[in-house]
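In: Quick one, structure for this:
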Amino acid sequence: MLVVGYDPEAIPGVDGNALRASLDVELARFGENGIDAAMALIVFDETAEPALVASLTDRPWDVVVVGGGIRKTEQLLPLFEQVVNLIRRHAPQAAIAFNTSGGTSLEAARRWL
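Out: Presented below is the predicted three-dimensional model:
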């Protein structure tokens, strides 16, 4: 299971450390439920594609959850489109799921596991 999210350190006006801590708690929930999971945090620049491709091709994923930080921000629509198309291209076997917040990635993944 791979969670793709926007890097909290790159969000202006947000406490990146606090947000990252909450993402780490959510990632730990996967382990507590016996699900192997990883997180790919990207930003909207030239590093997004190579970073995401590296994560998507690291191993075969059953589910890729795309976080709301990428989906819900209108200015990031091009990044959201890029993410979906990269998942289709580099992890075609994976279901694509969407969380409602950083704390619901496990539930989003379970819908497809």
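In: switch to C-alpha atoms for all contacts and neighbour counts from now on
Out: Noted.
In: the longest helix in this structure is where?
Out: If you go by DSSP state H, the chain has its longest helix at helix 16-32.
In: what about residue 89, how many residues close to it?
Out: 12 (other CA atoms under 10 Å).
In: Sort out which residues of the longest helix of the chain are buried, please.
Out: Across helix 16-32, burial judged by 16 or more other CA atoms under 10 Å covers 20, 23, 26-30.
In: Same check on stretch 103-113?
Out: 103, 105-109.
In: Now go through the residues you listed and say which are in helices.
Out: Counting by DSSP H, the members of the buried residues of stretch 103-113 that fall within helices are 105-109.
In: which among these gets closest to residue 87?
Out: Closest to residue 87 out of these is residue 109 (14.9 Å), distances taken as CA to CA.
In: ok, the closest one - contacts?
Out: 1, 63-65, 97 (CA atoms under 8 Å, 6 or more residues apart in numbering).
In: ok, and the most crowded of these?
Out: For the contacts of residue 109, counting by other CA under 10 Å, the largest number of neighbours falls to residue 64: 27 neighbours.
In: how close does the residue sitting furthest away from the middle of the chain sit to residue 107?
Out: Residue farthest from the centre of the chain, counting by CA atoms, centre = their mean, is residue 13 at 20.8 Å. Using CA to CA, to the nearest Å, we find residue 13 at a distance of 28 Å from residue 107.
In: show me what contacts residue 96?
Out: Applying CA under 8 Å, 6+ apart, one finds that residue 96 lies in contact with 63-66, 87.
In: In which helix or strand does it reside?
Out: Using DSSP states H and E, residue 96 sits in strand 95-98.
In: That strand: how far from the chain's middle?
Out: The chain centre lies 10 Å from the centre of strand 95-98; the measure is CA atoms, centre = their mean, to the nearest Å.
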